[in-house]
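*Asks:* Pasting a predicted model and its sequence here:
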Amino acid sequence: MSDKLLSPRPSTLDRAAFIDQYGDIYEHSPWVAELAWERGLGAAQDTPEGLAAIMGEVLASAAAEHQLEVIRAHPDLAGKAAVAGELTDDSTREQAGAGLDQCTPEEMARFERLNEAYKAQFGFPFVMAVKGSDRHAILDAFETRLKNDLAEERRTAIEQINRIAAFRLHDRVA
């Protein structure tokens, strides 16, 4: 466990301040932060790992329909929203960090094809924690995950979203 603390420390915040500070960790889904706060926060949740754990538990234990809402709140990787500059600041940084803003026209066309095939098969966008990855590995992951069944892929998407949240929380250490 990290000895680094989030700033401000989650355990010191009232409900409104906590949601204001951490409600954006899960893409367009502040209810995850609300439910985490309601579970009670102590010193263990003042670290990125501790807060990621409780928030991840909230999402993992949510009803399937709420999980799907969170998955569907994520943008396509290298998709139209990215090209149009309509991503959240976090998503923009994450996609650029993986080099998705430097795709060749052929790679962009492949991303578009895979995004469409994935959404047609599963009914939600492909989600991957891209930090530390590159566009080639992401394209390979697309191909691999298209072989999953729906239940497995929903679980994988939730795991990836929780990884994204952990990365975002680590970026906020004091």
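*Replies:* Structure's in. What do you need?
*Asks:* Could you use CA atoms for every contact and neighbour count after this?
*Replies:* Noted.
*Asks:* so where do the helices sit in this structure?
*Replies:* Along the chain, the stretches classed as helices by DSSP state H are 15-22, 31-39, 48-60, 64-72, 80-83, 89-97, 105-122, 135-145, 150-170.
*Asks:* Deepest in the core, which of those is it.
*Replies:* Ranked by mean neighbour count, these are led by helix 48-60 with a mean of 21 (mean count of other C-alpha atoms under 10 Å).
*Asks:* got the angle for it vs helix 31-39?
*Replies:* 110 degrees (axes from the mean of the first three to the mean of the last three C-alpha atoms, to 10 degrees).
*Asks:* contacts for helix 48-60?
*Replies:* Helix 48-60 is contacted by residues 1-2, 4-6, 10, 32-33, 35-36, 44-45, 67, 158, 162, 165-166, 169-170, 172-173 when judged by C-alpha atoms under 8 Å, 6 or more residues apart in numbering.
*Asks:* need the helices of the chain in JSON lines with mean pLDDT, can you?
*Replies:* Formatted as JSON lines, these follow (pLDDT from 0 to 100):
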{"stretch": "helix 15-22", "mean pLDDT": "98"}
{"stretch": "helix 31-39", "mean pLDDT": "98"}
{"stretch": "helix 48-60", "mean pLDDT": "98"}
{"stretch": "helix 64-72", "mean pLDDT": "97"}
{"stretch": "helix 80-83", "mean pLDDT": "64"}
{"stretch": "helix 89-97", "mean pLDDT": "81"}
{"stretch": "helix 105-122", "mean pLDDT": "95"}
{"stretch": "helix 135-145", "mean pLDDT": "95"}
{"stretch": "helix 150-170", "mean pLDDT": "97"}
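*Asks:* For residue 129, which of those helices is the nearest?
*Replies:* helix 150-170 (5.1 Å; C-alpha to C-alpha).
*Asks:* now for that closest one, which elements pack on it?
*Replies:* helix 48-60, helix 64-72 (3 or more C-alpha pairs under 8 Å, 6 or more residues apart in numbering; DSSP states H and E).
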